[in-house]
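>>> Sequence plus the predicted model coming up.
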Amino acid sequence: MPTRIDPVYGSVETRLQPTGINAVKLAVTANASGVASFSVGLAGLFSRLTIKPASGDNQPSDSFDLTITDEHGAEIYKSTTLSHDAATIAYPSATNPQLVYGPCTFAFANMGAGKKCEVICYFQP
């Protein structure tokens, strides 16, 4: 099950879906520099994620970035960085789902100081 390594920038919640697909929910809050980075232990076939920017005063900048890498620094997704409009919910889909086992690093940039978003990762154990 996912393990929180850096508790400063958010929280982690795990859910088992009826379909047998796990969902890991990450609540993210950027630091004063507008960045957040933490690792979560994942095991399985990482296939999709949902990104939901917060609204109102907590809404991140119009084009914040998320880079996801495995424990060896390899990118989980084929694209190098996923950019997201702050007013929309993004549903990026892996062009080539990745088998992961171990800590995955989620690095957020350009969010804005104290801004928030929610990320849900879907993977098959």
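Right, received. Where do you want to start?
>>> Let me see the ranges of the strands in the protein.
With strands called from DSSP state E, the chain shows them at 10-16, 22-29, 36-53, 64-69, 82-84, 93-109, 116-124.
>>> Compare those strands and report which one is nearest to Glu75.
Each of the strands of the chain has some distance to Glu75 by CB to CB; the shortest is strand 64-69, at 5.5 Å. For the C-beta atoms, the positions are set from N, CA and C on the backbone; glycine is no exception.
>>> now the angle from that closest one to strand 93-109?
Relative orientation of strand 64-69 and strand 93-109, computed by axes from the mean of the first three to the mean of the last three CA atoms, to 10 degrees: 110 degrees.
>>> Only alpha carbons, please: show strand 64-69 as CSV.
Output of strand 64-69 as CSV, limited to C-alpha atoms (Å, rounded to 0.1, in the frame of the first residue of the first chain):
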residue,chain,number,x,y,z
PHE,A,64,1.3,24.3,-13.5
ASP,A,65,3.4,21.2,-14.1
LEU,A,66,3.5,17.7,-12.7
THR,A,67,6.3,15.2,-13.4
ILE,A,68,6.1,11.6,-12.2
THR,A,69,9.2,9.4,-11.9
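>>> where's stretch 54-72 relative to the chain centroid, distance-wise?
For stretch 54-72, the gap between its own C-alpha mean and the chain's C-alpha mean amounts to 8 Å (CA atoms, centre = their mean, to the nearest Å).
>>> Quick one: end-to-end distance for it.
This stretch, stretch 54-72, spans 31 Å end to end (CA to CA, to the nearest Å).
>>> before we move on, what about stretch 74-87?
Stretch 74-87 end-to-end distance (CA to CA) = 29 Å.
>>> So what's the gap between stretch 92-107 and the chain middle?
Here the centre of stretch 92-107 is set off from its chain's centre by 9 Å, with CA atoms, centre = their mean.
>>> Can you name the residues in contact with it?
With contact meaning CB atoms under 8 Å, 6 or more residues apart in numbering, stretch 92-107 is reached by 3, 5, 26, 28, 35-49, 51, 66-71, 76-79, 82, 119, 123.
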